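Q: the following block contains a protein sequence and its predicted model.
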Amino acid sequence: MKKINTIFLLLLFCEISFSQITFNVIKKDVKCNHKEYGDVEVVVTSTNTPYKFLWSTSDTTSSIHDINEGVYSVVITDGSGNDTTVVIEVKLIVCEMAPEIVFTPNADGINDFWYIQNSEYFPQACFLVYNRLGQKVFEKKGQYELWDGKDLFGVSLPVASYYYVIYHDQSDEGTIIKGCVSIIK
């Protein structure tokens, strides 16, 4: 009887070893306000082919593309009928505005405006710029339009450093970006 138990355990161990499916996951998260959608690919490294895939999206390939953020699963079945379930979370990468730190509004056609990268994704933003005395020299609420270095009255500002405060949403003053932008000519 003892010999039979040993053989049974040995066979059980071998079965587990063959049923393991090894894989790698390649994932691309959703970019800044859905500028680019996500992708997930499962690369099986085991040798018990062929493999079948069944995603929670009903796709039956090794990868899914152009997906939103969320939790996705795929059941991988090997050539012997053994399966493994993989759960993958695709996240939304939060984008931030990235104001340039310097611009040269001298009408030479090069760097004449203050650019704020990703500002188009914040249509409810509020942009404020102050001089060193704390006087407001620029204000824009809503969709950002390029600032040409002129004050609120349309007069070109002198070469200097100015201080900005940007609210992602003008109704939520908790999400702000502060910094300095320099005008040089």
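A: Happy to help now that I have it. Numbers count the residues shown, from 1 in each chain.
Q: count of residues packed around Lys160?
A: For residue 160 the amino acid is Ala, not Lys. Per other Cβ atoms under 10 Å, the neighbour tally for Ala160 reads 12. From N, CA and C alone the C-beta is placed, and that goes for glycine too.
Q: that one pairs with what?
A: Note on Ala160: beta-bridge partners by DSSP bridges are Ile183.
Q: how close does it get to Asp148?
A: Ala160 sits at a distance of 15 Å from Asp148 (criterion: Cβ to Cβ, to the nearest Å).
Q: same question for Gln20.
A: Relative to Asp148, Gln20 is positioned 63 Å away (Cβ to Cβ).
Q: any idea of the pLDDT on the residue nearest to the spatial centre of the chain?
A: Centrality entry for the chain: nearest residue to the mean C-alpha point is Ile93, 2.4 Å, by Cα atoms, centre = their mean. As predicted, Ile93 sits at a pLDDT of 87.
Q: ok, it to Gly134 distance?
A: Relative to Gly134, Ile93 is positioned 35 Å away (criterion: Cβ to Cβ).
Q: and if you look at Asn111?
A: To Gly134, Asn111 is 26 Å away according to Cβ to Cβ.
Q: neighbour count winner among Gln20 and Asp148?
A: The neighbour comparison of Gln20 against Asp148 (other Cβ under 10 Å) goes to Asp148, with 15 against 11.
Q: hang on, the more buried one packs against Ala107?
A: No. Using Cβ atoms under 8 Å, Asp148 makes no contact with Ala107, being 9.1 Å away.
Q: between Asn111 and Gly134, which is the more surrounded one?
A: Legend: neighbour count by other Cβ under 10 Å for Asn111 and Gly134, higher for Asn111 (14 against 7).
Q: ok, now which ones touch that one?
A: Residues counted as contacts of Asn111 (Cβ atoms under 8 Å, 6 or more residues apart in numbering) are 102-104.
Q: that one: what secondary structure?
A: Three-state assignment for Asn111 (DSSP: H, G, I helix; E, B strand; the rest coil): coil.
Q: around the closest residue to Asp78 other than its chain neighbours, how many other residues sit close by?
A: Nearest non-adjacent residue to Asp78, counting by Cβ to Cβ, 6 or more residues apart in numbering: Asn48, 4.3 Å away. Using other Cβ under 10 Å, Asn48 is surrounded by 15 other residues.
Q: swap in Leu157?
A: Residues contacting Leu157 under the criterion other Cβ under 10 Å number 17.
Q: doesn't Asp148 make contact with it?
A: No. Assessed by Cβ under 8 Å, Leu157 is found out of contact with Asp148, at 9.7 Å.
Q: the chain: helices as residue ranges?
A: 2-19 (DSSP state H).
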